[in-house]
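[1] Next input, structure requested:
(chains A and B)
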Amino acid sequence: MEITSGDTAWLLTSSALVLFMTPGLAFFYGGMVRAKNMLAMLMMNFVAMGLITIVWIAVGASLAFSGTGKFIGDLNLAGLMDVGLGNEIFSAYPIPDTVFLMFQLMFAIITPALIAGAVAERMKFTAWVVFIVIWSIVVYSPMAHWVWGGGFIATQVKAVDFAGGLVVHINAGAAALALVLVLGPRVGWGKQVIRPHSLPLTILGAGMLWFGWFGFNSGSALGAGGLAGQAFMTTHVAAAVAATAWMLAEVMSNGKPTTLGFVSGGVAGLVAITPAAGFVNLLGAVIIGLAAGIICFLALKLKSMFKFDDSLDVIAVHLVGGIIGALLLGILADSEINELATGGMDQFGRQAISVVIAFTYSFVVTFIIAKVLDMVMGIRATETQEREGLDLSLHEEQAYVMAD
Amino acid sequence: MKLVIAYIAPFKLDEVRDALKAAGVTGLTAVSAQGFGRQAGHTETYRGSEYEVDMVPKVRIEVLVDDTLAPTVISTIETTARSGSIGDGKILVVPVEDVVRIRTGERGREAV
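    As a prediction, this is how the structure comes out:
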């Protein structure tokens, strides 16, 4: 396919939009932790922008998108030395190879950053650094290969994932669950008041996420045509419906509409529409948004039911939201929007298989990585560090200096 | 000399300060405080989890006055800080042994 300037311009823009989501996520999460852990939370997100870029250029991109292996790519693109100005490598897309690889890099960055919310306020920073490097190579790149790089989920299971329901959200959510089980709960969890220190920052972050998500989903059309427009619309509508639905669910069960609830609903809707954005019509987007807003709100109860401390509800929002989108897409896919999927029991079955595979692989491998790292270096801050706050004890800084 | 300490509702601070100024008080100190008393706390809800917050925000004001002005200061705070509902606060009066104005070295009543 010939490179066009319009498609290239949109994908360059989208890449920047998706990168912008990681700072957005940092503030979305940061506002929800206690003031003493604010910088540690921001740092866990921002450090991914540095580390994962290096990993991606070295081997990550190649393992995900080079070669025709069923389970993993090859190392022919390692170091990205042979990537030129044209689209000789990814000739199926009307954009330069550099743009395709940078667009994909931004997804590789935000996926491990999503996990940070679950382990907030207690994971040791050095262990986090080692963890995301290994996880990106061993979990993210293979899964991206299976779904988007010509691997077995695309070619044999024939499940579809428009912008990362499997690769990003179920993947990060399952990893979050595994990591939380190895880490254990925060000191005082369930006994003392552990509440968000700055919801305005959380709401600002949610706004940045919503904005950046247009690049995430609409950019995943890998062009600037009708499909990009459709994905843009379904993305926004699902988020709007889910935010409203969450707020209503909250009013009915707690009595008061909360700002945190409204923006959490928006994010849940964005998560759920991600795999489906370029496959469903407007009605499909409304149904997915409605389901995400209500079911993700109910899923908040899982952590107290099963007694795991998922600090910032990564499981209820990303794992559950991702599963909702990936499954409903199987039923709601409209072949007039995208010929790659037709809604029905056949596609639903394929989607269900892909969800089980993605969850199982990510959960099991993450659990093993976490256990091994815990034995080798310890993955948890000491209790004293945790009580003092990770900002001061791990980074020698304070987020808010009240007087000078 | 007396130090009049009052714990009042934060939204009453401006009113109390204006009334004290009008009554002839030449200075006061105000500090944000939190604590609990007979007033119960409140509930906060984050993503469906409810938390009982029992430390209530208050403002602590400290007014240093001459003995003769003390009854006026106390009654001024009492009337202006009162809303009639629980949580209006308390006034404490403490005798002061000595006062020093650091700039001039004045002592006692001169320094108030």
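
[2] Tell me who's in contact with B:T104.
    Counting by C-beta atoms under 8 Å, 6 or more residues apart in numbering or on different chains, B:T104 makes contact with B:A111. (C-beta placed from N, C-alpha, C; glycine too.)

[3] Let me know the pLDDT of it.
    According to the prediction, B:T104 has pLDDT 95.

[4] again, but for the one 5 residues further on
    At B:R109, the model reports a pLDDT of 88.

[5] ditto for B:G48
    We have a pLDDT of 86 for B:G48.

[6] Chain B contacts on the stretch 301-404 of chain A?
    With C-beta under 8 Å from any C-beta of the partner chain as the criterion, the stretch 301-404 of chain A comes near chain B at residues A:K301, A:S304, A:D313.

[7] Buried ones among those residues?
    Buried members of these, scored by 16 or more other C-beta atoms under 10 Å in any protein chain shown, are A:D313.

[8] Show me which of the residues of the stretch 301-404 of chain A next to chain B is closest to chain B.
    Taking C-beta to the nearest C-beta as the measure, chain B lies nearest A:D313 of these, at 6.1 Å.

[9] which residues sit in contact with the closest residue to B:A40 other than its chain neighbours?
    Excluding the flanking residues, the one nearest B:A40 by C-beta to C-beta, 6 or more residues apart in numbering or on different chains is B:D54, at 7.3 Å. When contacts are counted by C-beta under 8 Å, 6+ apart, B:D54 touches B:F36, B:A40, B:G41.

[10] picking that back up, relative to B:A30, which of the residues of the stretch 301-404 of chain A next to chain B is nearest.
    Closest approach to B:A30 among these (C-beta to C-beta): A:D313, at 38.9 Å.

[11] quick one, what contacts residue 86?
    If you meant another chain, say so; for now it's chain A. A:I3, A:P96, A:D97.

[12] my bad, the chain I had in mind was chain B
    Contacts of B:I86 by C-beta under 8 Å, 6+ apart are B:R38, B:Q39.

[13] From chain A, how far off is it?
    For B:I86, the distance to chain A equals 22 Å [C-beta to the nearest C-beta, to the nearest Å].

[14] and chain B, which of its residues are near chain A?
    B:E44, B:T45, B:Y46, B:R47, B:G48, B:S49, B:E50, B:Y51, B:E52, B:V53.

[15] Quick check: closest non-adjacent residue to the fifth one.
    Closest residue in space to B:G48, ignoring its immediate chain neighbours: A:L300 at 4.8 Å, by C-beta to C-beta, 6+ apart.

[16] got it, and the fourth one?
    Nearest-residue entry for B:R47: A:L300, 5.4 Å, with adjacent residues in sequence omitted and distances by C-beta to C-beta, 6+ apart.

[17] The last one too?
    With sequence-adjacent residues excluded and distances taken as C-beta to C-beta, 6+ apart, B:V53 is closest to B:G41, at 4.9 Å.

[18] what residues are up against that neighbour?
    So B:G41 contacts B:E52, B:V53, B:D54, B:M55, B:V56 (C-beta under 8 Å, 6+ apart).

[19] Chain B versus the spatially closest residue to A:L42 that is not a sequence neighbour, what's the distance?
    Using C-beta to C-beta, 6+ apart and skipping the chain neighbours, the partner closest in space to A:L42 is A:A26 (4.7 Å). Using C-beta to the nearest C-beta, A:A26 is found at 19 Å from chain B.

[20] my read: A:A26 touches A:A206, true?
    No - counting by C-beta atoms under 8 Å, A:A206 is not a contact partner of A:A26; they are 11.9 Å apart.

[21] circling back: now, which of the contacts of A:G86 lie close to chain B?
    By C-beta under 8 Å from any C-beta, no member of the contacts of A:G86 lies near chain B.

[22] Tell me the predicted confidence for residue 70.
    Assuming you mean chain A. The pLDDT attached to A:K70 in the predicted structure is 95.

[23] I was after chain B.
    pLDDT at B:A70 comes out at 95.

[24] that's a helix at B:T45, yeah?
    No - the assignment for B:T45, made by DSSP: H, G, I helix; E, B strand; the rest coil, is strand rather than a helix.

[25] tell me the contacts of the nearest residue to it once chain neighbours are set aside?
    Distances taken as C-beta to C-beta, 6+ apart place A:N254 nearest to B:T45, at 5.4 Å, with adjacent residues excluded. A:N254 sits next to B:T45, B:G48, B:E50 when contact means C-beta under 8 Å, 6+ apart.

[26] For the last one, pull up the helix or strand it's in.
    In this structure, B:E50 sits in strand B:49-53 according to DSSP states H and E.

[27] Neighbouring strands of that strand in the sheet, and parallel or not?
    Strand B:49-53 has its sheet partners listed here by DSSP bridges as strand B:42-46 (antiparallel).

[28] what does the partner strand rub up against?
    Outside strand B:42-46, the residues that reach it (C-beta under 8 Å, 6+ apart) are A:M32, A:R195, A:P196, A:N254, A:K256, A:T258, A:L260, B:E50, B:Y51, B:E52, B:V53, B:V56.

[29] and the last one, what are its bridge partners?
    Beta bridges link B:V56 to B:G35, judged by DSSP bridges.

[30] A:Q347 versus A:Q230, what's the distance?
    Between A:Q230 and A:Q347 the distance is 18 Å, computed by C-beta to C-beta, to the nearest Å.

[31] which residues are contacting stretch A:46-65?
    With C-beta under 8 Å, 6+ apart, stretch A:46-65 has contacts from A:19, A:22-23, A:26, A:72-80, A:90, A:100-101, A:104-105, A:108-110, A:112-113, A:128-129, A:132-133, A:136-137, A:140-142, A:144-145, A:148-149.

[32] among the helices and strands of chain B, which one scores worst on average pLDDT?
    strand B:49-53 (a mean of 86; mean pLDDT, DSSP states H and E).

[33] how about the residues of the stretch 101-250 of chain A near chain B?
    Contact residues (C-beta under 8 Å from any C-beta) of the stretch 101-250 of chain A with chain B: A:V193, A:R195, A:P196, A:E250.

[34] Mark which of the residues you listed are part of helices, please.
    Among these, the members found in helices (DSSP state H) are A:E250.

[35] Buried members of the residues of the stretch 101-250 of chain A next to chain B into PyMOL, please.
    In PyMOL, a selection of the buried entries from those looks like this (16+ other C-beta under 10 Å):
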select buried, chain A and resi 196+250
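
[36] phi, psi of the closest residue in space to A:M1 that isn't next to it in sequence?
    Excluding its sequence neighbours, the residue lying closest to A:M1 (C-beta to C-beta, 6+ apart) is A:P94, at 4.8 Å. Note on A:P94: its backbone torsions stand at phi -80, psi 40 [degrees, to the nearest 10].

[37] And A:K124, by the same measure?
    Backbone torsions of A:K124, given as degrees, to the nearest 10, read phi -80, psi 130.

[38] Please, where are all the strands along the chain?
    Since you didn't name a chain, this refers to chain A. Under the criterion DSSP state E, chain A carries no strands.

[39] if you could check chain B rather than the one you did, that'd help
    Under DSSP E, chain B gives strands at B:2-8, B:29-35, B:42-46, B:49-53, B:56-65, B:89-95.

[40] now A:V364: how far from chain B?
    A:V364 is 28 Å from chain B, where distance means C-beta to the nearest C-beta.

[41] For B:A40, the count of nearby residues, please.
    Other residues within reach of B:A40 by the criterion other C-beta atoms under 10 Å in any protein chain shown amount to 12.

[42] same check, this time on A:A238
    As a burial measure, A:A238 scores 35 neighbours (other C-beta under 10 Å).

[43] List phi and psi for the one residue in the stretch 201-350 of chain A that gets nearest to chain B.
    Chain B sits closest to A:L300 of the stretch 201-350 of chain A, with a gap of 4.8 Å, by C-beta to the nearest C-beta. Note on A:L300: backbone dihedrals following degrees, to the nearest 10 are phi -60, psi -30.

[44] That one contacts A:L312, doesn't it?
    No - using C-beta under 8 Å, A:L300 is not in contact with A:L312; the gap is 11.1 Å.
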